[in-house]
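K.L.:
generate coordinates for the sequence data below:
(chains A and B)
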Number of protein chains: 2
Amino acid sequence: MRFITLLLLYFSHPVFAQTPQTLQIRDYRQKNERPMIKEYMSFLSIPNLATDTINMRRNADMIMDMMRKRGINNVQMLPAETAGIAPAIYGEAKVEGAKETIIFYAHYDGQPTDPSKWYAGLSPFVPQLTDGPLYKNASFINMPSEGSIDPQWRIYARGASDDKAGVISILNAYAAVRAIGKKPLVNIKFFFEGEEEAGSDHLSEIFDKHKALLQSDLWIICDGPVHQSGKKQVVFGVRGDTHLELTVFASKRPLHSGHYGNWAPNPAMALSQLLASMKNERGEVTIKGFYDDVKPLSAAEKKAVAAVPSVEEQMKEELGFIEEERKGMGIAESSNYPSLNINGLQSANVGKLSANVIPTMAIASIDLRLVVGNDWQRQQQKVIDHIMSKGYFVTDKDPTDEERSRYAKIIKVQRSSGYNAQKTPLDLPIAQRVVAAVQTTISEPVILLPTGGGSLPLFIFEKHLGAKTIAVPIANHDNNQHAENENIRLKNLWDGLETMASLMMLK
Amino acid sequence: MRFITLLLLYFSHPVFAQTPQTLQIRDYRQKNERPMIKEYMSFLSIPNLATDTINMRRNADMIMDMMRKRGINNVQMLPAETAGIAPAIYGEAKVEGAKETIIFYAHYDGQPTDPSKWYAGLSPFVPQLTDGPLYKNASFINMPSEGSIDPQWRIYARGASDDKAGVISILNAYAAVRAIGKKPLVNIKFFFEGEEEAGSDHLSEIFDKHKALLQSDLWIICDGPVHQSGKKQVVFGVRGDTHLELTVFASKRPLHSGHYGNWAPNPAMALSQLLASMKNERGEVTIKGFYDDVKPLSAAEKKAVAAVPSVEEQMKEELGFIEEERKGMGIAESSNYPSLNINGLQSANVGKLSANVIPTMAIASIDLRLVVGNDWQRQQQKVIDHIMSKGYFVTDKDPTDEERSRYAKIIKVQRSSGYNAQKTPLDLPIAQRVVAAVQTTISEPVILLPTGGGSLPLFIFEKHLGAKTIAVPIANHDNNQHAENENIRLKNLWDGLETMASLMMLK
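P.N.:
Residues are numbered from 1 along each chain as shown, chains lettered A, B, ... in the order given. Presented below is the predicted three-dimensional model:
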């Protein structure tokens, strides 16, 4: 109840102001924009798919160089036991006499991407400066050798916002704090992960191995976008995430659609029917028990969700649709439910390459977002049970001839690994201090989100380190994260720097 | 009724024998296999996508050379009025005093294909000899400089069976008939189309322009496979064909599936639901009026369908499935119904390239096969009406911002051109003479099919030339026509040569 009172006070007295300290940080940044952009573009030019071992090592080396250059100590790689994956990077800046420790987290790997889908002239690892968002017909520009730099300019590259932006903002914030001569009151540690987009498969191993080094009072997770309204937000929880890849099989060889249509089974139709059976017209998942494990929101969380500015109409206009999938539910509210989303579909070819065939197979990639209460393996199993209830024989391999001769409906289901959702209570004292710190950088109220829509393996932080986590995102919401044409707006880098600096000066 | 009697006689007295004439043709072929294979592989090495103007002209030049080399007269291209498409090729061999004319038809263009999907080491336009079918683990072989050539060997290449096999078999048959000194009783004409797989868009134009040259008593259409039992068949009709490409739109830019799933609409789910609504669990199309226009089979046709050898169980075993899509219906029977088949599906990416996004659009390529009674435009409209009944705004272009702001469900429907089905009555006298001629080449009864499953623009032949058409196919049924790894078995080339030769010596 104390926290509710505090919340009410907070919203009824929106008298916030940027502190002199924030203005000092800003002044430092304004004097250093040009080299900061240059360094960032050089960082973005290193490919960062987690499985690309050689380039991930180049990324790690550059990050460690940047850390040492800024006076961060004890810089090292924290590899997992398993060989051949991207290492985590660690560093620290201890403060004499400090009793508390905050670890700043970001990840330097990016989502897979198909270069051919990027805007003409763009390439994922050739960072490009533009004078605005390309979807509003901005132009490519070169960095001017002098003159002012418009904060509305953007940098396009894979990882520009998700999440090399986190890495660079944390590093630049630390440099700024040192430059203005401000001595932090807490020990600061740095942890940059290299496998977040690949599922953080080795994070728990790394945590177990380096438990002592990674003790802290709080992890600040710098990942994801600020609110769609452009306002800063503090996010107390994240959804969990896991995937399934479904492959429906039919004839072993492609068949002429005239001679065999529709005698031979069509896997694209079978897959469509299966997927269609998973969701109703109101956008609700119809798989048995799908919403059963969801832990209801607390009263404080409900109030916080209700206080989130409404951006749905603005977003619909920007995105070009008028009806949300889950009917009658807003963005912030829908993040508090598990989701089932088709990431991709593929069967034979469409367009110019389409031919008169009955395809041999049809594939759907599905991601499942999870909220507190869901278990990722149980959630996968619900989908698989649903598939089985439709008469499918489920295998995790391509079917054998023997299986083909026995089952009418055959599907290969490949389970990815996954992780559960995680939440930190809104009324935790250190959580309130985090909100207060971010509040020193802006004159409007910070948005508080019990659960963001995105996913991070925060579950592992609690389980393996007993750690508390709070996410403080910095990217623009229209950053095309996870898709082609990913980008960061310079203003978000500058705001992010101020946000991270405020947290390093936590009171 | 006369024909029924004849049919009954035919099946109750299966005493057929290959004629001496057939054996002479065979002897000629056996002495010339090596150069025939060599010439055919050189023909197959020229790419033959109808829109590839330069290579189609190279194909046309090679065909005309081969025709002239065989003593065919008046060889020429018959281009349409419209420039820039693949020409038809014409030639003739008139017989003094002959009152009848038969035109032999085949097409030299092939379906589009994605080279990356072909078997390792194969390339669509680098013909490869194998010692059997690759799906039974055959090996690549080189043509031996001497020794016998196994008729079970195959040639893999785009067009190997569909339908350069038709072109080469007709040309080799004519050479063989001349070589054995047999003088045909009918005038023989040759017509090789270059746009069949692209929809024969200019065929009617070509027919109108060259009406006099193309008068005949019958067209023999040499295209498609023999019966799955391996037996020869004469096909009296073909299904019509047309296409629709459906694109469901959602957000203008790809969205992070965590932040916006499932608030933002998912086009892959919407498309799946739409496609699923088009067919029920029994494989019947549920679009209103889909089967309404179908003209029922005549009694003779029903009998012929009933007499087709059952190959369904053999085919299922070969193809690796146990349940047909249209429950309880055999292949020959199902060809007498219109079909709706998904040729391909595409939305964002699957597999290694799949990312955590909500796609911007989802595409399905659909082909509609038609039977006598269906009109291709009316059949397309039934599908479109069905889509509209599901609440979609249907456009033929990408939606404008204004349309996006007005309609909740938006789909782009691109109609291809198309053509109707066509049938020739089984009891037509010349039809019976065709069956008798093919019968001279084998000692088992020829299969009679009222309607084959595949499509050819035979409707145009009747409408623009008043022509009768009968299809006499030659390819092996497992030729992977229209898909990757297309191939022809040498035995089918040799049998095809004998079949075409028998028809040139029609009594």
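
K.L.:
for the stretch 101-250 of chain A, which residues are neighbours of chain B?
P.N.:
A:111-114, A:135, A:224-225, A:239, A:241, A:243, A:245, A:249-250 (CB under 8 Å from any CB of the partner chain). No exception for glycine: its C-beta is placed from N, CA and C like everyone else's.

K.L.:
what about A:H243, which SS state?
P.N.:
Three-state call for A:H243 (DSSP: H, G, I helix; E, B strand; the rest coil): strand.

K.L.:
then A:Y28?
P.N.:
Going by three-state DSSP: A:Y28 is helix.

K.L.:
low-confidence stretches in chain A?
P.N.:
A:1-15, A:83-84 (pLDDT under 70).

K.L.:
quick check: A:V438 touching A:K232?
P.N.:
Yes: if you go by CB atoms under 8 Å, A:V438 and A:K232 touch, sitting 5.8 Å apart.

K.L.:
which neighbours do these two share?
P.N.:
A:V446, A:T499 (CB atoms under 8 Å, 6 or more residues apart in numbering or on different chains).

K.L.:
looking at the residues of the stretch 101-250 of chain A next to chain B, which is nearest B:I460?
P.N.:
Taking CB to CB as the measure, B:I460 lies nearest A:A250 of these, at 32.7 Å.

K.L.:
show me where the stretch 201-350 of chain A has strands.
P.N.:
For the stretch 201-350 of chain A, strands defined by DSSP state E, counting those that start in this stretch occupy the ranges A:218-221, A:233-235, A:237-238, A:240-249, A:255-256, A:339-348.

K.L.:
is the last one in proximity to chain B?
P.N.:
Okay, so that is strand A:339-348. Yes: judged by CB under 8 Å from any CB, strand A:339-348 comes into contact with chain B at A:S339, A:L340, A:N341, A:I342, A:N343, A:G344, A:L345, A:Q346, A:S347, A:A348.

K.L.:
what's opposite the fourth one in the beta bridge?
P.N.:
I take that to be A:I342. A:I366 (DSSP bridges).

K.L.:
circling back to that earlier point, out of the residues of the stretch 101-250 of chain A next to chain B, which end up buried?
P.N.:
A:Q111, A:P112, A:T113, A:Y135, A:G224, A:P225, A:R239, A:D241, A:H243, A:E245, A:F249, A:A250 (16 or more other CB atoms under 10 Å in any protein chain shown).

K.L.:
ok, the last one touching A:G261?
P.N.:
No: between A:A250 and A:G261 no contact is recorded; they are 11.7 Å apart, counting by CB under 8 Å.

K.L.:
find the residues that touch each one of these two.
P.N.:
A:I358.

K.L.:
circling back: make CSV out of the residues of strand A:339-348 next to chain B and add neighbour count.
P.N.:
Putting the residues of strand A:339-348 next to chain B into CSV (neighbours: other CB atoms under 10 Å in any protein chain shown) gives the following:
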residue, neighbour count
A:S339, 27
A:L340, 25
A:N341, 26
A:I342, 30
A:N343, 27
A:G344, 24
A:L345, 32
A:Q346, 25
A:S347, 31
A:A348, 26
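
K.L.:
could the strands of the stretch 201-350 of chain A go into TSV alongside distance to B:K463?
P.N.:
As requested, the strands of the stretch 201-350 of chain A are exported to TSV (distance: least, CB to CB, whole Å):
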stretch	distance to B:K463
strand A:218-221	70
strand A:233-235	67
strand A:237-238	65
strand A:240-249	41
strand A:255-256	25
strand A:339-348	32
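
K.L.:
tell me the contacts of A:S339?
P.N.:
Here A:S339 is in contact with A:R239, A:V285, A:D367, A:L368, A:R369, B:S257, B:G261, B:N262 (CB under 8 Å, 6+ apart).
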